[in-house]
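1. Next input, structure requested:
(one chain, ligands or ions: 1)
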Amino acid sequence: MLINGASGGVGTFAVQIAKSFGAEVTAVCSTRNVDMARSIGTDHVIDYTQEDFTRNGQRYDLILAVNGYHPILAYRRALSPMGMYVLAGGSMAQIFQGMPLGPLVSRIGSKKMGFMGIATTNQKDLVVIKELLEAGKVAPVIDRCYPLSEVAEALRYLEEGHAKGKVVITVERSADR
Ligand SMILES: NC(=O)c1ccc[n+]([C@@H]2O[C@H](COP(=O)([O-])OP(=O)(O)OC[C@H]3O[C@@H](n4cnc5c(N)ncnc54)[C@H](OP(=O)(O)O)[C@@H]3O)[C@@H](O)[C@H]2O)c1
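-> Predicted structure coming up:
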């Protein structure tokens, strides 16, 4: 499996969950996050500032793209013959490629491509996550913590698109309560 955008809020969880299910995981991130990606258990790390994984000849059974970053046909090239590509988010242009184009491209050959849609939570999945957290197989990677009063600043930082794991808002108890 390859995770493009492995060092952010979605990617750091995706890497650990994939590893807990026994996948061989390749993480794609920038130079400054290579060590962190290794520390959460990835088997291989590709620094996207040095190497374009869609052009290195490797093929993956599953690609999770946290954002588009590459054209949909480039992802298709990096899939194994029965492979699957899932887009989690990105700009409107990137999501537009994943939503209508994904099913169309999937009609050609056996590779499956598409947008995952908006994540929905359910009890069954939450119990799995709870067990992974309790077993220490998944641990949140926390980049920065902001107080509630600085939530706008936190969102500005997140929107830069280079968070190292999660950005947390802390809600402090008022001193007079
Ligand atoms: N479908 C859903 O239900 C759902 C749920 C949650 C989030 N999302 C969406 O998923 C997307 C990712 O969310 P997030 O919280 O993980 O974002 P994030 O924390 O900003 O992480 C994005 C990561 O992408 C990496 N990145 C930036 N440019 C890249 C490039 N050219 N190639 C490869 N990686 C690159 C960054 O790593 P570097 O700093 O190393 O560049 C960063 O760690 C967002 O669009 C969000 O809206 C969707």
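2. Which other helices and strands does the strand or helix carrying residue 125 contact?
-> Following DSSP states H and E, one finds residue 125 within helix 123-134. In terms of contacts (3 or more CB pairs under 8 Å, 6 or more residues apart in numbering; DSSP states H and E), helix 123-134 is packed against helix 9-20. Where you see a C-beta, it was placed from the backbone N, CA and C, and this is true even at glycine.
3. Quick one: mean pLDDT for the next helix or strand after the helix holding residue 125?
-> Next helix or strand after helix 123-134 toward the C-terminus (DSSP H and E): strand 142-147. What strand 142-147 shows for mean pLDDT is 96.
4. ok, and what's touching strand 142-147?
-> With contact meaning CB atoms under 8 Å, 6 or more residues apart in numbering, strand 142-147 is reached by 153-154, 157, 163-170, 172.
5. again, only using 6 Å
-> For strand 142-147, contacts defined as CB atoms under 6 Å, 6 or more residues apart in numbering pick out 154, 163-170.
6. Same question for stretch 2-12.
-> 14-15, 26-29, 33, 37, 40, 60, 63-67, 69, 88, 141, 163-166.
7. and with 8 Å instead?
-> Taking CB under 8 Å, 6+ apart as the rule, stretch 2-12 contacts 14-15, 18, 25-30, 33, 36-37, 40, 42, 45, 48, 53, 60, 62-67, 69-70, 78, 88-89, 140-141, 158, 161-167.
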